[in-house]
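# need coordinates for the following:
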Amino acid sequence: MSTESNNSGDTTVTLSVKLTTELDHLTVVNVDLKGDIVSESIRETRNMGKAKLVVFNEELIFGSKTDYLSYCLNKSDPEHFNILSDLRKTFSWMDTSKVRLKGKIAYLHSFEIFTSYRRMGFARPYIWLLLRELKKELEIDGVILVAYPFRVKDSNKEEFQKQKRILENLYVKSGFSILNEKGEKLYSKTGVEIEHLFCDIKHKTFSEFIAS
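Coordinates of the predicted model:
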């Protein structure tokens with residue numbers, strides 16, 4: 001599966017994503033962002049980024065979601081501690097804000113394009129491809145995430161706010177909406193409010209990526 005080619009001179013880069021799932025109480029999805037590079041002197045596939053998600057279905061969790069995540073944290077592979085811990089924070093926010101997401105939902109914990117391939121316009125095509133494959137391969141109904149610029153030091157408030165806005169704009173242009181719900185707010189250490197965003201992919205069509 002591939003889409004969107006980026007031409008630079010005589011070099012063509014065709015983007016694709018590869019999903020790999022792990023079962024560990026919840027389904028963890030590892031994503032490789034790949035690029036097939038073709039030119040007169042090169043013909044190879046490179047790893048250009050990665051992403052990680054965890055899948056849940058509220059309707060299949062009996063009782064408290066946060067209690068269930070605490071159970072998962074105690075029983076799951078330590079490798080998954082960070083993603084499950086952050087999902088528990090999102091569950092807590094959903095409970096206090098009375099947010100319910102129906103169906104099979106993926107929590108996007110991380111999305112990264114490696115440094116050498118940044119600022120080339122690949123982010124939105126990769127997000128489009130990821131959403132399409134989540135719907136097609138795993139029958140995901142929606143994706144929730146927190147727009148948090150992990151690579152920026154929290155102490156640098158101005159830069160943190162700037163990168164947070166860039167992330168929010170990227171995801172909004174990719175089909176996500178900010179969940180402006182009443183209830184508990186999430187803040188960075190320096191008091192910057194952090195937003196949750198959601199994309200309903202169940203009712204989204206993926207016939208062709210259109211850059212705008």
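# what residues does residue 161 make contact with?
With contact set as C-beta atoms under 8 Å, 6 or more residues apart in numbering, residue 161 has these partners: residue 192. Every residue, glycine included, has its C-beta placed from N, CA and C.
# am I right that it is in a helix?
Yes: counting by DSSP: H, G, I helix; E, B strand; the rest coil, residue 161 is located in a helix.
# quick one: it from residue 113, how far?
21 Å (C-beta to C-beta, to the nearest Å).
# in this protein, where is pLDDT below threshold?
In the prediction, the chain carries residues with pLDDT under 70 at positions 1-9, 153-154, 181-183, 211-212.
# all helices of the protein, in order?
Under the criterion DSSP state H, the chain contains helices at 65-75, 81-97, 123-138, 157-173.
# so which of the ones you listed is nearest residue 16?
The closest of the helices of the chain to residue 16 is helix 123-138. By C-beta to C-beta, the value is 6.8 Å.
# how about the closest one: buried residues?
If you call a residue buried by 16 or more other C-beta atoms under 10 Å, then helix 123-138 has these buried ones: 123-135, 138.
# so it versus helix 157-173, what angle?
Here the directions of helix 123-138 and helix 157-173 differ by 50 degrees (axes from the mean of the first three to the mean of the last three C-alpha atoms, to 10 degrees).
# what is helix 123-138 packed up against?
With contacts taken as 3 or more C-beta pairs under 8 Å, 6 or more residues apart in numbering; DSSP states H and E, helix 123-138 sits against strand 3-8, strand 11-24, strand 26-38, strand 43-56, strand 105-113, helix 157-173.
# now those in TSV, with distance to residue 84?
Rendered in TSV, the data for the helices and strands packed on helix 123-138 read as follows (distance: least, C-beta to C-beta, whole Å):
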stretch	distance to residue 84
strand 3-8	31
strand 11-24	9
strand 26-38	7
strand 43-56	7
strand 105-113	9
helix 157-173	22
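# and the ones you listed: which comes nearest residue 189?
Nearest to residue 189, of those and by C-beta to C-beta, is helix 157-173 at 9.3 Å.
# any idea which of the helices and strands packed on helix 123-138 gets closest to residue 83?
Closest approach to residue 83 among the helices and strands packed on helix 123-138 (C-beta to C-beta): strand 105-113, 4.4 Å.
# centre of the chain to that closest one, how far?
What separates the centre of strand 105-113 from the centre of its chain is 2 Å, taken as C-alpha atoms, centre = their mean, to the nearest Å.
# return the most buried member of the helices of the chain.
helix 123-138 (a mean of 20; mean count of other C-beta atoms under 10 Å).
# and the angle from it to strand 105-113?
Using the same axes, to 10 degrees: helix 123-138 against strand 105-113 is 140 degrees.
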